[in-house]
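A.B. asks: structure for the following, please:
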Amino acid sequence: MRWNDRRRRARDDLQASTWLAERRAARQATPSSALARQRISYRASCMPILHRCLLLSMCAFLPIVAHARPALAPAQQREQHVAQLFRDAAAQPAQLRTWLQAMPKGGDLHNHLSGSVYAEDYLQWASDDGACVQLSDLSLRAPPCGAGQEPASGLAARNAALYGRVVDSLSMRKFLPSPAQPTGHDQFFSTFGKFDAVVRTRVADTVAAVLEQAARDRVPYVEIIAN
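C.D. replies: Numbering: from 1, shown residues only. Down below sits the predicted model:
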């Protein structure tokens, strides 16, 4: 029995030695790149399932990100184009006004009704209603016209110089700061009493003029104050 056990162990040892020798020979004959692939394959097989799912998700998402990034270029080009338009318009007041007037805006709050209408509109209504120009302070007065007053009817065609002076008197046009008037505060608030006689009979027209101007300026909301 002992002899048979020894023979069996010797046979097993010989088979093990032969197997190890064959493995060493196979490794020496296998290129390093193949061994690297075997190691990677072995590590991948041992990687947890959650990690493999995460890697697959990232691989699927990366092409989408790479495809979406170039879409930012047109937006940047538009921004640069608009910035250049603004720089060009800033050097030309008339063009700048047209450019800004077309831009969408917010609401016009605390809008004084009578102070938001052009002087030319008041003079046109005064002409239509037969009102008068008070020559002493270039204000508008209700008819009939008396001494020291000039009929507003047809004034622009009859006396263009006087018409221009009345426009200046009823507005901030051509106002220049001076030591006596460093700001336009007094000039602005002094105009309200000069066209009040026309406003009283033209409230609806005044509201319409304010809203039409807001529409031209692309202002969608106006809060009007009338007192």
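
A.B. asks: domain assignment for this protein?
C.D. replies: 79-106, 118-201 (the TED database).

A.B. asks: quick check: residue 163 touching residue 124?
C.D. replies: No: between residue 163 and residue 124 there is no contact under C-beta atoms under 8 Å: 10.9 Å. For glycine as for every other residue, the C-beta is placed from the backbone atoms N, C-alpha and C.

A.B. asks: higher neighbour count, those two?
C.D. replies: residue 163 (20 against 16; other C-beta atoms under 10 Å).

A.B. asks: confirm the more buried one sits in a helix?
C.D. replies: Yes: counting by DSSP: H, G, I helix; E, B strand; the rest coil, one finds residue 163 located in a helix.

A.B. asks: per-residue pLDDT, it?
C.D. replies: Note on residue 163: pLDDT of 98.

A.B. asks: need the contact list for it.
C.D. replies: Applying C-beta atoms under 8 Å, 6 or more residues apart in numbering, one finds that residue 163 lies in contact with 123, 155, 156.

A.B. asks: what of residue 109?
C.D. replies: residue 223.

A.B. asks: show me the strands in the protein, by range?
C.D. replies: 107-112, 132-134, 139-141, 149-151, 221-225 (DSSP state E).

A.B. asks: would you mind giving those strands as JSON lines with distance to residue 209 and mean pLDDT added?
C.D. replies: Below are the strands of the chain laid out as JSON lines (distance: least, C-beta to C-beta, whole Å; pLDDT from 0 to 100):
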{"stretch": "strand 107-112", "distance to residue 209": "12", "mean pLDDT": "92"}
{"stretch": "strand 132-134", "distance to residue 209": "20", "mean pLDDT": "98"}
{"stretch": "strand 139-141", "distance to residue 209": "16", "mean pLDDT": "97"}
{"stretch": "strand 149-151", "distance to residue 209": "23", "mean pLDDT": "97"}
{"stretch": "strand 221-225", "distance to residue 209": "11", "mean pLDDT": "95"}
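
A.B. asks: how about those strands in CSV, adding distance to residue 119?
C.D. replies: Output for the strands of the chain, formatted as CSV (distance: least, C-beta to C-beta, whole Å):
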stretch, distance to residue 119
strand 107-112, 15
strand 132-134, 12
strand 139-141, 10
strand 149-151, 16
strand 221-225, 19
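
A.B. asks: looking at those strands, which is nearest to residue 178?
C.D. replies: Of all the strands of the chain, strand 139-141 sits nearest to residue 178, with 21.7 Å by C-beta to C-beta.

A.B. asks: ok, which of the strands of the chain comes nearest residue 197?
C.D. replies: Per C-beta to C-beta, nearest to residue 197 of the strands of the chain: strand 139-141, 5.4 Å.

A.B. asks: any weak-confidence spans in this protein?
C.D. replies: 1-72 (pLDDT under 70).

A.B. asks: again, only this time at 90
C.D. replies: Applying pLDDT under 90 to the chain flags the ranges 1-78, 80-83, 85-100, 103, 174-187, 226-227.

A.B. asks: my guess is residue 198 contacts residue 124, does it?
C.D. replies: No: with contacts counted by C-beta under 8 Å, residue 198 stays clear of residue 124, the gap being 9.6 Å.

A.B. asks: re the thing from before, quick one, which of the domains of the chain is nearest to residue 212?
C.D. replies: domain 118-201 (10.1 Å).

A.B. asks: let's see the distance spanning that closest one from one end to the other.
C.D. replies: 16 Å (C-alpha to C-alpha, to the nearest Å).

A.B. asks: repeat for stretch 115-124
C.D. replies: First-to-last residue span, stretch 115-124, C-alpha to C-alpha: 16 Å.
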